[in-house]
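[1] show me the folded form of this:
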Amino acid sequence: MAAGSVVLLTRALEALDVGGAADKINLIPQDFFAELCEQIIQHLNHKIPGVNTVELCQRLQTSGIDVNVGDLAKITNTVSFLFSTAARNNLSTEELITALGSTVNTLPKHAIQVIRHVWNEQGKSVGVSEDKGNMSTVGQ
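    Numbers count the residues shown, from 1 in each chain. Got it, this is the predicted structure:
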């Protein structure tokens, strides 16, 4: 089942245009991307109501990074989808990284390292419900 889940995740990520998100992720420093991933995990665990992309975007722009709120929301939604799908399918860290490496437009190396670390440390704690309302505040 895990192999099938990896294939499904790969196809879904390609459909979400991860390449477009990957181009923008490449602009974001590793520490900011790690903070974003941490907030996404907290949101998926219902510890925070949503990811504050406006505040994070302002901090990135203050640092001289050319990214807008829409781009950051797209990245947030893509990574949130990635984590929630991985949790729903009980993917291991290696299965998740394999799926990321299988996409047509792969993510930058620093992003894959952050995703690997965050999923390895906190992936098992993600309790994804089937309530579609959970996603409404991601990226806002």
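[2] please make it C-alpha for all contacts and neighbour counts, starting now.
    Noted.
[3] point me to the helix or strand that includes the residue most central in space within the chain.
    The centroid of the chain falls nearest to residue 79 when counting by CA atoms, centre = their mean (1.5 Å). Taking DSSP states H and E as the definition, residue 79 sits inside helix 69-88.
[4] that helix - contacts with which helices or strands?
    Judged by 3 or more CA pairs under 8 Å, 6 or more residues apart in numbering; DSSP states H and E, helix 69-88 is in contact with helix 2-15, helix 18-25, helix 30-44, helix 53-62.
[5] change it to 7 Å
    Counting contacts by 3 or more CA pairs under 7 Å, 6 or more residues apart in numbering; DSSP states H and E, helix 69-88 is packed against helix 18-25, helix 53-62.
[6] nearest to residue 47 among those would be which one?
    Closest to residue 47 of these, according to CA to CA: helix 53-62, at 16.3 Å.
[7] before we move on, the earlier item: buried residues of the helix or strand following the helix holding residue 79, list them for me.
    Next along the chain after helix 69-88, taking DSSP H and E as the criterion, comes helix 93-102. For helix 93-102, burial by neighbour count (16 or more other CA atoms under 10 Å) applies to 93, 95, 96, 97, 99, 100, 102.
[8] where does this protein have low pLDDT?
    Along the chain, the model assigns pLDDT under 70 to residues 1-6, 8, 10-19, 102-106, 127-140.
[9] on that earlier part again, which one of the buried residues of helix 93-102 is nearest to residue 66?
    Proximity of those to residue 66 (CA to CA) peaks at residue 100, which lies at 24.8 Å.
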